[in-house]
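Engineer: Give me the fold of what follows.
(2 chains)
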2 protein chains.
Amino acid sequence: MQTELSKQLGVEHAVFGFTPFPAVAAAISRAGGFGVLGAVRYTAPDELERDLDWIEAHVDGRPYGLDVVMPARRVEGVTEADVEAMIPEGHRRFVRETLAKYGVPELAEGEASGWRITGWMEQVARRQLDVALGYPIRLLANALGSPPADVVARAHDRGVLVAALAGSARHARKHREAGIDVVVAQGYEAGGHTGEIASMVLTPEVVDAVDPLPVLAAGGIGSGRQIAAALALGAQGVWLGSLWLTTTEADLHSPALTRKLLDAGSGDTVRSRALTGKPARQLRTEWTDAWDDPHGPGTLPMPLQGLLVAEAVSRIQKYEIDPLLGTPVGQIVGRMNDVRSVRAVFDDLTRGFEQAVDRVNRIAGRSGQ
Amino acid sequence: MQTELSKQLGVEHAVFGFTPFPAVAAAISRAGGFGVLGAVRYTAPDELERDLDWIEAHVDGRPYGLDVVMPARRVEGVTEADVEAMIPEGHRRFVRETLAKYGVPELAEGEASGWRITGWMEQVARRQLDVALGYPIRLLANALGSPPADVVARAHDRGVLVAALAGSARHARKHREAGIDVVVAQGYEAGGHTGEIASMVLTPEVVDAVDPLPVLAAGGIGSGRQIAAALALGAQGVWLGSLWLTTTEADLHSPALTRKLLDAGSGDTVRSRALTGKPARQLRTEWTDAWDDPHGPGTLPMPLQGLLVAEAVSRIQKYEIDPLLGTPVGQIVGRMNDVRSVRAVFDDLTRGFEQAVDRVNRIAGRSGQ
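Structural biologist: Numbers count the residues shown, from 1 in each chain, chains lettered A, B, ... in the order given. Now for the predicted structure:
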């Protein structure tokens, strides 16, 4: 499965796997794809360094990349405390009351919240970047908007391609103007932050909008059939995130959450502002319902919502409070029904792709080919 | 573009075109596809007879089908007047006030509303069916749920295949249990009534759920690339509705509406209950905004909402009140940018399909084929 982009990056298959877990990223690259480590959870540079060292030691020399969250507009001198001060007391009370209603225990004294809003702030993303550019990463992806011009320039100086996610053709054209090399077209069905245009419509629209830049299709892809579909739509590869969450190498730290993912159907996700303040697809839970309830206080804008709920989300995850327990995941969760190794998942993708190509050739009357 | 289903129906290409316009249906069949006439607007059997006669005279002996709206559960003895009586006065006032706000003129004395809720009622659908089974239709599609068992039996007695739309795998399995022959998987991005699962995820899910029944992919399809994608996903054909609205043969009776369709982008539709009481994708307008406004009265359940707004919609269409003027259409509207003949559109689809197959073969390393 070779496109110009996969050749340029030196990978066997044009399958890009986004994951917060170093072991998954390395396994994707070893399997012949391109592993991309999500850096948002690394607030301490030495932790990122430790995990990139681990990847280097386990990737067998295969190429890999890093995904950061870096806003194009710089907000000077704003601290987490400044942002904290902007959160209304009524919203804090709603968090306390909802947690109390479900009997969610407190974290232990001095125990850090596992997920920190600071990962979303530019100064942290820049420290991540300083670390990452010391490693032979081949691709730097930015999850929200185009990265700042100096970051694009630094990456290019080191021969690192820059990718950015887009949910519309307009958004994609802005990336091209910002000097981005690869656009990830993130369809409505995708996990995490996403727009309202579904992949079937979005992928070719973005392909045509930024031609000749390469486009990766994201959203709704978890089988070889879907990879073949995305490539037929004009993508130069696919970008898969959700599918790896239930692999052996993933480290969710929560058997209850893994079971929820295995049990969920394609209709069990919701596009909600509950997690960050911007619409992001995730498992639908009583927690997302509470935030999406028109009779509740509603969500706050990014980055306030993320800061507001960070500690609560950590508590829900740590104590595995079932009705509230969720995670960002796409509609493809309906097909994540067993725990398998990254290699087994990857081999299914490539085998399924070949079968889908056979099928389309038969329909097109090229069955002898 | 040949699948088992297209061979069974005797068509050259597995492209099914749904349309309310006889001239479009006939042109699709003449071009090598399978035209399906939407019957919901025919409240008088003789009008349907007249239009089916016209199709017979213009289809050059090619196969075609009919789409009705027939509920599986029969509601005995309910008249339109009974339904009218269930509409709250506050909702009627909201319609009057909204129309007055935009200065929408009244219809002339005795002038019929162009769109009647009665087309959605079973007794009308049965009269349509009695007429249709007198013609050599090859497929009978039902837009909402499985048709009643006796209707399926009558169709099968005459060698007519029965198709039904589904927005989920569960829904599709119910169709199979009801003896349906063909399932149309209607993705989130589709125009008209639709669920929340996007085509990229829905199509393979439905294919696997009803295997070996044939599945047609609907939603987001308006180019050869998208046809190739749908077939890669496992569909035995595609079901296109929106794309024909801006063809030369379409008869929207409204230059303003045609212009709105040509100008709209993929982000200019909304999934709203404004038209019928069930979620249906349509152009987003100030009319849909008024019904979707949390500070408004909200919509009524089907069939009350359709009956409530029928006359208003006719007035908005007749007088082309621009900010309120809309129509059911899918996200593919972003690619409907000029008025062309059905033949020209169809030829683009088949040519684009061949190019997409070439592209996928190159990526799969089968370029010599």
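Engineer: elements contacting the longest helix along chain A?
Structural biologist: The longest helix of chain A (DSSP state H) is helix A:342-363. Applying 3 or more C-beta pairs under 8 Å, 6 or more residues apart in numbering or on different chains; DSSP states H and E, one finds that helix A:342-363 makes contact with strand A:15-19, helix A:22-30, helix A:224-232, helix B:224-232, helix B:342-363. From N, CA and C alone the C-beta is placed, and that goes for glycine too.
Engineer: can those go into CSV with extra columns for mean pLDDT and distance to residue A:175?
Structural biologist: Listed next are the helices and strands packed on helix A:342-363 as CSV, based on pLDDT from 0 to 100; distance: least, C-beta to C-beta, whole Å:
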stretch, mean pLDDT, distance to residue A:175
strand A:15-19, 98, 16
helix A:22-30, 98, 23
helix A:224-232, 98, 19
helix B:224-232, 98, 21
helix B:342-363, 98, 23
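Engineer: Of all the ones you listed, which one comes closest to residue B:191?
Structural biologist: Distance to residue B:191, taken as C-beta to C-beta, is lowest for helix B:224-232 among the helices and strands packed on helix A:342-363, at 14.2 Å.
Engineer: how much does that closest one deviate in direction from helix A:342-363?
Structural biologist: Angle between the axes of helix B:224-232 and helix A:342-363 is 110 degrees (criterion: axes from the mean of the first three to the mean of the last three C-alpha atoms, to 10 degrees).
Engineer: immediately after helix B:224-232, which helix or strand?
Structural biologist: Sequence-wise, the next helix or strand downstream of helix B:224-232 (DSSP states H and E) is strand B:237-240.
Engineer: give the contact list for residue A:88.
Structural biologist: A:297, A:300 (C-beta atoms under 8 Å, 6 or more residues apart in numbering or on different chains).
Engineer: Now for the residue of the stretch 51-200 of chain A found nearest chain B, which secondary structure element holds it?
Structural biologist: Residue of the stretch 51-200 of chain A nearest chain B, by C-beta to the nearest C-beta: residue A:200 (3.3 Å). Per DSSP H and E: residue A:200 is located in helix A:199-210.
Engineer: Quick check: buried residues in that helix?
Structural biologist: Neighbour-count burial for helix A:199-210, counted by 16 or more other C-beta atoms under 10 Å in any protein chain shown, picks out A:199-207, A:209-210.
Engineer: helices and strands around the helix-or-strand element of chain A with minimal mean pLDDT, which ones?
Structural biologist: Lowest on mean pLDDT, DSSP states H and E among the helices and strands of chain A sits helix A:80-84, with a mean of 80. Counting contacts by 3+ C-beta pairs under 8 Å, 6+ apart, helix A:80-84 is packed against helix A:304-318.
Engineer: how about the residues of the stretch 151-300 of chain A near chain B?
Structural biologist: Within the stretch 151-300 of chain A, the positions near chain B by C-beta under 8 Å from any C-beta of the partner chain are A:168-169, A:187-189, A:195-202, A:204-205, A:219-221, A:223, A:225-226, A:228-234, A:265-267, A:294.
Engineer: contacting residues around residue A:165?
Structural biologist: Residue A:165 makes contacts with A:141-144, A:183-184, A:186, A:193, A:218, as judged by C-beta under 8 Å, 6+ apart.
Engineer: Just the closest of these to residue B:276, please.
Structural biologist: Proximity of the contacts of residue A:165 to residue B:276 (C-beta to C-beta) peaks at residue A:186, which lies at 30.8 Å.
Engineer: Can you pull the phi/psi pair for the closest one?
Structural biologist: phi -100, psi 100 (degrees, to the nearest 10).
Engineer: go on, residue A:340?
Structural biologist: Main-chain torsions, residue A:340, degrees, to the nearest 10: phi -140, psi 170.
Engineer: Residue A:249 is in contact with that one, correct?
Structural biologist: No: counting by C-beta atoms under 8 Å, residue A:340 stays clear of residue A:249, with 9.9 Å between them.
Engineer: Looking only at neighbour counts, state which of those two leads.
Structural biologist: Legend: neighbour count by other C-beta atoms under 10 Å in any protein chain shown for residue A:340 and residue A:249, higher for residue A:249 (19 against 16).
Engineer: Identify the spatial nearest neighbour of that one, chain neighbours not counted.
Structural biologist: residue A:23 (4.2 Å; C-beta to C-beta, 6 or more residues apart in numbering or on different chains).
Engineer: related to what we said a few turns ago, out of the helices and strands packed on helix A:342-363, which is closest to residue B:106?
Structural biologist: It is, among those and with distance given as C-beta to C-beta, helix B:342-363, at 35.8 Å.
Engineer: Also compute the angle for that closest one relative to helix A:199-210, please.
Structural biologist: For helix B:342-363 against helix A:199-210, the angle by the same axes, to 10 degrees is 80 degrees.
Engineer: In the least confident helix or strand of chain A, which residues are buried?
Structural biologist: For helix A:80-84, a neighbour-count test (16+ other C-beta under 10 Å) marks residue A:83 as buried.
Engineer: which residues does whatever residue of the stretch 201-350 of chain A ends up closest to chain B contact?
Structural biologist: The minimum distance from the stretch 201-350 of chain A to chain B, using C-beta to the nearest C-beta, falls at residue A:220 (3.3 Å). Residues in contact with residue A:220 (C-beta under 8 Å, 6+ apart) are A:187, A:189-190, A:198-199, A:226, A:330-332, B:198, B:200-201.
Engineer: With adjacent residues omitted, what lies nearest to residue A:222?
Structural biologist: Leaving aside its sequence neighbours, residue A:222 sits nearest to residue A:332 (C-beta to C-beta, 6+ apart; 3.8 Å).
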